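Undergrad: Give me coordinates for this.
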Amino acid sequence: MAKKPKILAADNTKVALRYMETVFCDDYEVALVQTGSDVLDYLESSTPDLVLLNASMSGMDGFEVLEKMKADDKKCEIPVVLMMSEKDTESELRGLKAGAMDFISLPFEPEILRARIDHIVELTMLRRQQDAQIVRQKNQIDRLFLQSMVTIAHAIDTKDRYAKQHSVHVALYSRGIARRMGYSEENIEKLYYIALLHDIGKIATPDSILNKAAELTSDEYECVKKHASIGAEIVRNTRFIPGVEEGVRYHHEWYDGSGYVGIKGDEIPEISRIIAVADAYEAMTSDRAYRRHLSQEEAINELIRGRGTQFDPHIVDVFLSLLDEGFTIDEDSVECESNEEGELTEAGALLRQVFAESAQETQSELARDSLTSFLNRRYFEEKINNYLLHPKSCGTFFMMDLDNFKQVNDTYGHKAGDELIQIFADVIRENAREKDFVCRIGGDEFAVFFPELDEERVICRRAQSIIDLFARRKTEAGYGICSVSIGIMTKYLGGEEMDCEQLYEKADRALYYVKNNGKDDYHLYASMPEELKNSRQNGTQMDLDQLMRQIAERKYRPGAYAVEYDRFSFIYQFIARNVERNRQHVQVILISMELPEGGEQSLEKVEDSLVLLESAIVRSLRRGDVTSRFSSTQQIVILMDSNQENGVMVAERILKKYHSLGSGCAISAHFDIMEVPGSADIDNR
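TA: Okay, here's the model as predicted:
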């Protein structure tokens, strides 16, 4: 007989509880409690398939119970239905945010209540069945993956003709050390598999280097050293063996800190220190291309010599005590382990090929930015310079910078900044071809090189597409304050020879030009005034006529002058010094949003409202007036040549425009106004 699903019902009144019991008792096991505390107590010892809560219970109400359940990892997955006497929007939103699955109006219709609960319980049971099936499938995949990895480990040993079954030997030595150190059988088994995979990164090391009889060159040695980091990247997502990434990455670290990475002592994971001793002993007692094997006595002396420098002294002592007691590896057991875990059959050979390609991809991935997967600067420059070696090469370099990106981080946090970076990265991908080189220079700076692109019309269209698409995407995501500026340099077919550094430098000058002429635009280096192409970088001076032309070329921006707060402070101080001298009246207006006391307001709505407020100010004021964002909820304005009466009229006009732009959805705001005092007034304060 199938077990009935269980419902926990909570209501202050016994009559309501008994009624609910009659509705569900035929097909459900029903538990009844009268308070919110009783609900939480019940859930400590039993897990129902659904909880039915009266939202208006006295004491701890249904909303509070729901919030406490969702904050508890053991209870958060239980579906909750709230019963509400009055279903208003605010209460429903609160319930949804807290995690309610559905709402029932009181008094309820038994048939409707029963139908909705049946549906939710059915979905819950189905989800649990699917979760259980996923776990079973995951375990099966994990086992298959482990078998594949072990097959690869054996395949790697065959790359070095002198290292046959090296990984199995190291794994068995490591198992012996761990058992003597008191590891549990479960952890011993995990360490065994980690040790078996410790050299998996050598799949990317050329056979010619592994089998070289002579001493390795410095470049060859650096190539061999990479196997630890490459191997760690290959196994990085192998979550079913905890510690495998660390064991593989750090098995060549020295106890005194002079290993591959440079960590030392207890900074090195203990599993890595165990593998290091086992690996060294096995290598010393086996033949290698460049030397004959050492005797056991010679190998022991080397371990003693490296005790405290290369090796953890305690682990060396443990291993030497094992050897002193006659611990050895039975070669028959080695064969058994190898056959059990997977010989290099045709399937194994195929896996070796697949993992060799995977290792090459992993090596390539190390050259990429982790957030965007774009090339890092070193490999970006290398690819461009290799391309430019061809005599008929041409192409265009875009240098791009996100305007006001720091403001996004300061307002929303760095997680939002990362989201915006990824949004922009997607915009670049949509405007780049497969053969184009894309790089995240660092932070909010990006570069793209478009090989074979030197047609100005296409270049401009590509730049404008990036600007327009980013404007749309970042607005949809709620980051209205950010934009992109692009500087462009083109190497024309048959034109002057240049390398990546020269392209970068000239594109950067064009970007600087955009930044100083309003941002949110692109400019071609070839179109810049000649006197500006070199003046900033090499100190070339210009005469006054040239300077005035440069200033006049800046983009015209209507309305008030919007600046960062630091610039605003300097402007204010300049105005204050001149107020008394010129007998000029200047007003300062502070416009503040009216946030509910003790209430919550989403950062997105605050930021959207502040953007609308800044827009209203710029549209409502004259050229010559100045505005700046003072805080995350305030905007400050300087009104030139204005008395207080006019200032009040202007402030009211700003607020009217602000609410008009917000269509009634913007946060309410108010203003304060004060006249800028002269220097004498300031001194007397």
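Undergrad: Next, the buried residues of stretch 437-445.
TA: Within stretch 437-445, the residues scored as buried using 16 or more other Cβ atoms under 10 Å are 437, 438, 439, 440, 441, 444, 445. In short, each C-beta sits where N, CA and C put it, glycine included.
Undergrad: what pLDDT does the second one get?
TA: Residue 438 carries a pLDDT score of 93 in this model.
Undergrad: try the last one
TA: As predicted, residue 445 sits at a pLDDT of 91.
Undergrad: Can you tell me the closest non-neighbouring residue to it?
TA: Distance criterion Cβ to Cβ, 6 or more residues apart in numbering; nearest residue to residue 445, sequence neighbours excluded, is residue 401 at 5.3 Å.
Undergrad: Stretch 67-81: end-to-end distance?
TA: In stretch 67-81, first residue to last residue: 13 Å (Cα to Cα, to the nearest Å).
Undergrad: Count the neighbours of the residue lying closest to residue 594 once chain neighbours are set aside for me.
TA: Ranked by Cβ to Cβ, 6+ apart and with sequence neighbours excluded, the top spatial neighbour of residue 594 is residue 668, at 4.4 Å. Per other Cβ atoms under 10 Å, the neighbour tally for residue 668 reads 14.
Undergrad: for residue 317, same thing?
TA: By other Cβ under 10 Å, the residues close to residue 317 number 14.
Undergrad: The one 5 residues further on now?
TA: When counting by other Cβ under 10 Å, one arrives at 16 neighbours for residue 322.
Undergrad: again, but for residue 484
TA: Neighbour count of residue 484, defined by other Cβ under 10 Å: 27.
Undergrad: if we can go back for a sec, with residue 674 as the reference, measure out to the residue nearest to residue 594.
TA: 21 Å (Cβ to Cβ, to the nearest Å).
Undergrad: can you confirm residue 635 is in a strand?
TA: Yes - membership of residue 635 in a strand is supported by DSSP: H, G, I helix; E, B strand; the rest coil.
Undergrad: shouldn't it be in contact with residue 611?
TA: No - counting by Cβ atoms under 8 Å, residue 635 does not reach residue 611; the two are 10.2 Å apart.
Undergrad: More neighbours: which of the two?
TA: residue 635 (24 against 18).
Undergrad: quick revisit: widest-spaced pair of the buried residues of stretch 437-445?
TA: The distance between the two most remote of these (Cβ to Cβ) is 19.0 Å, for 437 and 444.
Undergrad: you'd agree residue 632 is up against residue 609?
TA: No - using Cβ under 8 Å, residue 632 is not in contact with residue 609; the gap is 10.4 Å.
Undergrad: May I have the predicted confidence score for the residue lying farthest from the centre of the chain?
TA: Distance from the centre of the chain peaks at residue 583, with 55.3 Å (Cα atoms, centre = their mean). Looking at residue 583, its pLDDT reads 70.
Undergrad: now it: how far from residue 642?
TA: 14 Å.
Undergrad: go on, residue 53?
TA: Counting by Cβ to Cβ, the gap from residue 53 to residue 642 is 59 Å.
Undergrad: Report the mean per-residue pLDDT for stretch 631-638.
TA: For stretch 631-638, the mean pLDDT works out to 83.
Undergrad: Please apply the same query to stretch 238-250.
TA: The predicted model assigns stretch 238-250 a mean pLDDT of 84.
Undergrad: Now that stretch: buried residues?
TA: Buried residues in stretch 238-250, counted by 16+ other Cβ under 10 Å: 238, 241, 244, 245, 246, 247, 248, 249, 250.
Undergrad: Which of those fall in helices?
TA: Taking DSSP state H, the ones among those that sit in helices are 244, 245, 246, 247, 248, 249.
Undergrad: Let's have the residues you listed in JSON lines, adding distance to residue 73.
TA: Shown next, in JSON lines, are these (distance: Cβ to Cβ, whole Å):
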{"residue": "244", "distance to residue 73": "26"}
{"residue": "245", "distance to residue 73": "25"}
{"residue": "246", "distance to residue 73": "26"}
{"residue": "247", "distance to residue 73": "29"}
{"residue": "248", "distance to residue 73": "31"}
{"residue": "249", "distance to residue 73": "30"}
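Undergrad: Need the max-distance pair from those residues.
TA: 244 and 249 (9.4 Å).
Undergrad: so residue 427 sits right up against residue 470, yeah?
TA: Yes - counting by Cβ under 8 Å, residue 470 is a contact partner of residue 427 at 4.7 Å.
Undergrad: Please enumerate the helices of the stretch 151-300 of the chain.
TA: For the stretch 151-300 of the chain, applying DSSP state H, counting those that start in this stretch gives helices covering 166-180, 185-196, 207-210, 218-234, 244-249, 270-284, 296-305.
Undergrad: could the ones you listed be laid out in TSV, adding distance to residue 95?
TA: Converted to TSV, the helices of the stretch 151-300 of the chain look like this (distance: least, Cβ to Cβ, whole Å):
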stretch	distance to residue 95
helix 166-180	52
helix 185-196	44
helix 207-210	64
helix 218-234	45
helix 244-249	42
helix 270-284	48
helix 296-305	66
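Undergrad: For residue 115, find the nearest of these.
TA: Short answer: helix 185-196, nearest of the helices of the stretch 151-300 of the chain by Cβ to Cβ, at 48.0 Å.
Undergrad: ok so residue 520 is a strand residue?
TA: No - counting by three-state DSSP, residue 520 is not found in a strand; it is coil.
Undergrad: Report the separation between the closest residue to it other than its chain neighbours and residue 461.
TA: With Cβ to Cβ, 6+ apart as the criterion, residue 520 has its nearest non-adjacent residue at 3.8 Å, and that residue is residue 483. Residue 483 is 18 Å from residue 461, where distance means Cβ to Cβ.
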